[in-house]
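Participant: sequence? don't have it. structure:
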């Protein structure tokens, strides 16, 4: 067999997306080019690798085995590139970050500082929910990840670099506004606007209510903190969001923080990297930048 690294990279993308068209878009190739590479790979191996079931592509048993090997080989190639980047310095390269959506409130300043110091390094940023962030790191689609809750039992290193307090917000004319300290149990009577399942904020809220043996009345499920803020301002209910996301709304009095017992819930921001992967020069430089300004006393 004369299999090339390019064929393995293309096949792994097709297997990951279960789609020729999405893989082509990810790789910036045409669909015919991707199809041709997969066909040539099947011809060289002498076995079918992909079955078409309806509109969906499914891997054959041989295809699944090849995908496992391709993922390991592609990871080793990335490790090799990282090692060579360290010899070349930081004159060029790509840094792939996967972050949860809330991180976008503080991350742009860090990215601007980083790209100012290393203009030759191109940044690739995925802004998704926690589950997708962890998948991107696990699948080697990201070099580093930022999330509010590190995975348990995963082969990753997590470093705490900043606190992330969650607060209860309401519209200024809400009936609980200005009433003084509010018992946590009173929230059982309020409509609570929530992030979608898979969000780290949603999981923290559910654990907090369960730990206090309280229920909550769910309202809308929304896919971003911005959507929650807008819904709260419209009077659809109260929300629980990171304090970092509402600075402008507090200044303009479009939202208020309710002084609820047990809040703020202080979560933490963590920087994640895989233990089995050597950080590139760009990744190591970003780690150093991020940790340089972390709060005193953090380890």
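Facilitator: That came through fine. What you are looking at is a predicted structure, and each value in this text was computed from that prediction instead of being measured.
Participant: which SSE is residue 133 in?
Facilitator: helix 130-138 (DSSP states H and E).
Participant: Show me which residues of that helix are buried.
Facilitator: 130-134, 136-137 (16 or more other CB atoms under 10 Å). Just so you know, the C-beta spots here come from the backbone N, C-alpha and C atoms, and that holds for glycine as well.
Participant: List the neighbours of that helix that are in contact with it.
Facilitator: With CB atoms under 8 Å, 6 or more residues apart in numbering as the test, helix 130-138 has contacts from 98-100, 126, 128, 141-142, 144-149, 151, 154, 156, 198-200, 203, 272-274.
Participant: How far away from the center of its chain is it?
Facilitator: Its chain's C-alpha centre and that of helix 130-138 lie 6 Å apart, by CA atoms, centre = their mean, to the nearest Å.
Participant: As a check, name the ranges of all strands in the stretch 101-250 of the chain.
Facilitator: 121-128, 144-147, 156-170, 191-195, 217-222, 238-242 (DSSP state E, counting those that start in this stretch).
Participant: Distance to residue 182 and mean neighbour count added to those strands, as TSV?
Facilitator: Output for the strands of the stretch 101-250 of the chain, formatted as TSV (distance: least, CB to CB, whole Å; neighbours: other CB atoms under 10 Å):
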stretch	distance to residue 182	mean neighbour count
strand 121-128	33	15
strand 144-147	29	26
strand 156-170	8	19
strand 191-195	14	21
strand 217-222	16	14
strand 238-242	10	26
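Participant: can you put those strands in TSV and add distance to residue 75?
Facilitator: Output for the strands of the stretch 101-250 of the chain, formatted as TSV (distance: least, CB to CB, whole Å):
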stretch	distance to residue 75
strand 121-128	17
strand 144-147	15
strand 156-170	14
strand 191-195	31
strand 217-222	35
strand 238-242	33
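Participant: can I get the ones you listed in a markdown table with mean pLDDT?
Facilitator: Formatted as a markdown table, the strands of the stretch 101-250 of the chain follow (pLDDT from 0 to 100):
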| stretch | mean pLDDT |
| --- | --- |
| strand 121-128 | 90 |
| strand 144-147 | 94 |
| strand 156-170 | 93 |
| strand 191-195 | 92 |
| strand 217-222 | 90 |
| strand 238-242 | 94 |
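Participant: Buried residues of stretch 65-72, list them for me.
Facilitator: In stretch 65-72, counting by 16+ other CB under 10 Å, buried: 66-67, 70-71.
Participant: roughly how far apart are residue 211 and residue 198?
Facilitator: 21 Å (CB to CB, to the nearest Å).
Participant: So those two - more neighbours on which side?
Facilitator: More neighbours surround residue 198 than the other of residue 211 and residue 198, with 15 against 9 (other CB atoms under 10 Å).
Participant: who are the neighbours in contact with the more buried one?
Facilitator: 129-132.
Participant: Determine which two of those are furthest apart.
Facilitator: 130 and 132 (7.4 Å; CB to CB).
Participant: Quick check, pLDDT for the residue nearest to residue 242 when sequence neighbours are not counted.
Facilitator: Leaving aside its sequence neighbours, residue 242 sits nearest to residue 102 (CB to CB, 6 or more residues apart in numbering; 5.0 Å). On pLDDT, residue 102 comes in at 85.
Participant: correct me, but residue 102 touches residue 226?
Facilitator: No: with contact defined as CB atoms under 8 Å, residue 102 does not reach residue 226; the gap is 10.2 Å.
Participant: Now the common contact residues for these two.
Facilitator: Listed as contacting both residue 102 and residue 226 by CB under 8 Å, 6+ apart are residue 245.
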